[in-house]
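Participant: here you go, sequence then predicted model.
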Amino acid sequence: MAEGEEPALFTKVTVYSLLACVAQLAVGFVFAQKWGSKCSAVDRWVLVWLFYDAIVHFTLEGPFVYMSLVGNVATSDGLLAELWKEYGKADERWLYSDPTIVSLELLTVVLDGSLALLLVYAIVKDKHYRHFVQISLCVCELYGGWMTFCPDWLMGSPNLNTSNWLYLWIYLVFFNGIWVVVPGLLLWQSWRDLRRIHQYPKKKNK
């Protein structure tokens, strides 16, 4: 690379990272079709998200937590380290074991990942506690997203790189935004279904 020339925006790691995300979603889709065959069409899509959610928490964020506890991503080697280094181009806190990020990711991997799998079970088996778990998971996801970015926003976003569309709109907005939009939709679904359950006995008794 010539002096003064900016590094290429798309590298092999960029492509592999994006393909890995697509592959995880595809696995989630397959799992949802296999275990959600008796569920409604809407709940099968919910299962796609939950399987994808759990896969991301355990296979991507889990290794991130490990790397951050024994060292940091910036000094780690391996395929997953390279993936996180790629994301670290947009938010460098992920490279150097930022205490807030690592604390949130510990909670995300252990609690959110487990809740996602418990919710899968509750949906497939039509358990009475399905919406309690669903609301709990969604609140945890939304809290995690807020606490990931709010501290940095309050300091003027010194760690966020928004200099190009890939880092801003794909890495920061899209890959974090889906953990706001989907939990929001699931909260709405829970509110709607609980309202219907509450209204049904009243209509029945009239």
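Facilitator: Cool, got the structure. Numbering: from 1, shown residues only.
Participant: so which residues of this protein form helices?
Facilitator: 12-35, 41-56, 62-70, 79-88, 99-107, 113-124, 130-154, 165, 175-205 (DSSP state H).
Participant: so can I have JSON lines of those helices showing mean neighbour count and mean pLDDT?
Facilitator: Where C-beta positions appear, they are placed from N, C-alpha and C, glycine not excepted. Putting those into JSON lines (neighbours: other Cβ atoms under 10 Å; pLDDT from 0 to 100) gives the following:
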{"stretch": "helix 12-35", "mean neighbour count": "15", "mean pLDDT": "96"}
{"stretch": "helix 41-56", "mean neighbour count": "20", "mean pLDDT": "98"}
{"stretch": "helix 62-70", "mean neighbour count": "18", "mean pLDDT": "98"}
{"stretch": "helix 79-88", "mean neighbour count": "18", "mean pLDDT": "96"}
{"stretch": "helix 99-107", "mean neighbour count": "16", "mean pLDDT": "97"}
{"stretch": "helix 113-124", "mean neighbour count": "20", "mean pLDDT": "98"}
{"stretch": "helix 130-154", "mean neighbour count": "17", "mean pLDDT": "97"}
{"stretch": "helix 165", "mean neighbour count": "11", "mean pLDDT": "95"}
{"stretch": "helix 175-205", "mean neighbour count": "13", "mean pLDDT": "88"}
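Participant: do you know how far the residue nearest to residue 182 when sequence neighbours are not counted is from residue 36?
Facilitator: Closest residue in space to residue 182, ignoring its immediate chain neighbours: residue 49 at 5.5 Å, by Cβ to Cβ, 6 or more residues apart in numbering. Using Cβ to Cβ, to the nearest Å, residue 49 is found at 11 Å from residue 36.
Participant: just residue 92 next, same as before
Facilitator: 39 Å.
Participant: and those two? Which one has more around it.
Facilitator: Using other Cβ atoms under 10 Å, the more surrounded residue of residue 92 and residue 36 is residue 36, with 21 against 16.
Participant: mind listing what the more buried one touches?
Facilitator: 43, 44, 47, 123, 124 (Cβ atoms under 8 Å, 6 or more residues apart in numbering).
Participant: go with 6 Å
Facilitator: By Cβ atoms under 6 Å, 6 or more residues apart in numbering, the contact list for residue 36 reads 44, 47.
Participant: for it, phi and psi?
Facilitator: In terms of degrees, to the nearest 10, the main-chain angles of residue 36 are phi -110, psi 20.
Participant: pLDDT score assigned to it?
Facilitator: At residue 36, the predicted lDDT confidence score is 96.
Participant: between the two ends of stretch 53-61, how far is it?
Facilitator: Start-to-end span of stretch 53-61 (Cα to Cα, to the nearest Å) is 11 Å.
Participant: can you list contacts of it?
Facilitator: Residues outside stretch 53-61 that contact it (Cβ under 6 Å, 6+ apart): 24, 105, 108, 109, 112, 113, 116, 117.
Participant: CSV please, covering these and showing distance to residue 77.
Facilitator: Output for the contacts of stretch 53-61, formatted as CSV (distance: Cβ to Cβ, whole Å):
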residue, distance to residue 77
24, 22
105, 20
108, 24
109, 21
112, 27
113, 25
116, 29
117, 30
